[in-house]
Each structure stands twice: as structure tokens, then as C-alpha cells.
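> Predicted structure and sequence below. I'll ask about it afterward.
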Amino acid sequence: MQRPTGVTILAVLAFCGAGLLVLAALAVLFGGALLSSLSSSGMGMMAGVGAAVVAAFLLIFAGLDVAIGVGLLKLRNWARVLTIVLCALFFLGSIFSIFSPFAHMHMFLMIFLVRRLVMAAIYAWILWYLFQPNVKQAFGATGF
């Protein structure tokens, strides 16, 4: 069966996310190296090690994004299910952050509220899309 266009778009977005995570990891590593070279105390070394740990996590998530992108392009059902799980978690996070007690304190935070609403709507759309019968059929899914 031919791959639905929306699945291809989601795969490309996963690859773009992986690229951004790699760039963020490089920026964190550079920042940690800069901080550690500017400080002669033990705090500089701790900043460098902390940056390396954060960069490692970012690279792990970048690898996960690449795996999801490849899985979506190859119409692997595990990639669809993993995308559903991650989108559901991000959707719940967006919803919970909307109802944060600090979300409505200042006009500047209203911008973030709008962003959270938009992100929640995008995650809801992706979830809805991945449960469409033609998309499930393309992945060979019979149940979930």
C-alpha cells in the first residue's frame, strides 16, 4: 500500500526534530566547554560534565527521532504506536501546563499559554490522524 502523505510529513518532522536536537547538543557541549574553560574552580568542571550529560540525553532523543522517522517511512506499526504514545504524553503535558497556577500571571505568560494551546491542538490532530482507518491500514494495524 502507498504511504499516506501525512505519514511522510510526520517522518520529515521527526528528522527535522532530530537535526534540531543534534544542534542543541552541540550548543550545550560548546557552552559547557566554554564555561569550564573560563572557570578555574571545580564549578567549571561540573558545568562541563553537566553539559556533557545533557548533550548525551539530547543525542539519545535525536536517535529516537531518527528511528521513528525511518519507521514511519517504512510503515512500521511500532513507529506509529510509539508516535501515538509520545504525542499522548506531550498532549497531556501541554494540557497540564495550561492549567498551571503560574500560566495566567502576566501578559508575557499569555504568549506561552497560546503556544501551549496550539501545541495541544497539534498533538490532538496527530493522534486523531494516526487513528484514521486508512492510516492504520497502511501500517497493517488491526487493533490499536
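On my side now, so go ahead.
> avg pLDDT for the helix or strand harbouring Leu23?
Assigned by DSSP states H and E, Leu23 belongs to helix 5-38. In this model, helix 5-38 has a mean pLDDT of 93.
> Remind me what it packs against, helices and strands.
helix 42-73, helix 133-139 (3 or more CB pairs under 8 Å, 6 or more residues apart in numbering; DSSP states H and E). Every residue, glycine included, has its C-beta placed from N, CA and C.
> ok, Leu59 - contacts?
Applying CB atoms under 8 Å, 6 or more residues apart in numbering to Leu59 gives the contacts Leu21, Val22, Ala25.
> Turn the residues you listed into CSV, including neighbour count and distance to Val53.
Below are these laid out as CSV (neighbours: other CB atoms under 10 Å; distance: CB to CB, whole Å):
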residue, neighbour count, distance to Val53
Leu21, 21, 15
Val22, 18, 16
Ala25, 21, 11
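> what about Met31, how many neighbours?
Careful, residue 31 is Gly and not Met. 15 (other CB atoms under 10 Å).
> what does the one 10 residues further on give?
The local packing count at Ser41 equals 7, with neighbours defined by other CB under 10 Å.
> any idea how the protein splits into domains?
As assigned by automatic domain parsing, the chain contains the domains 1-75, 76-139.
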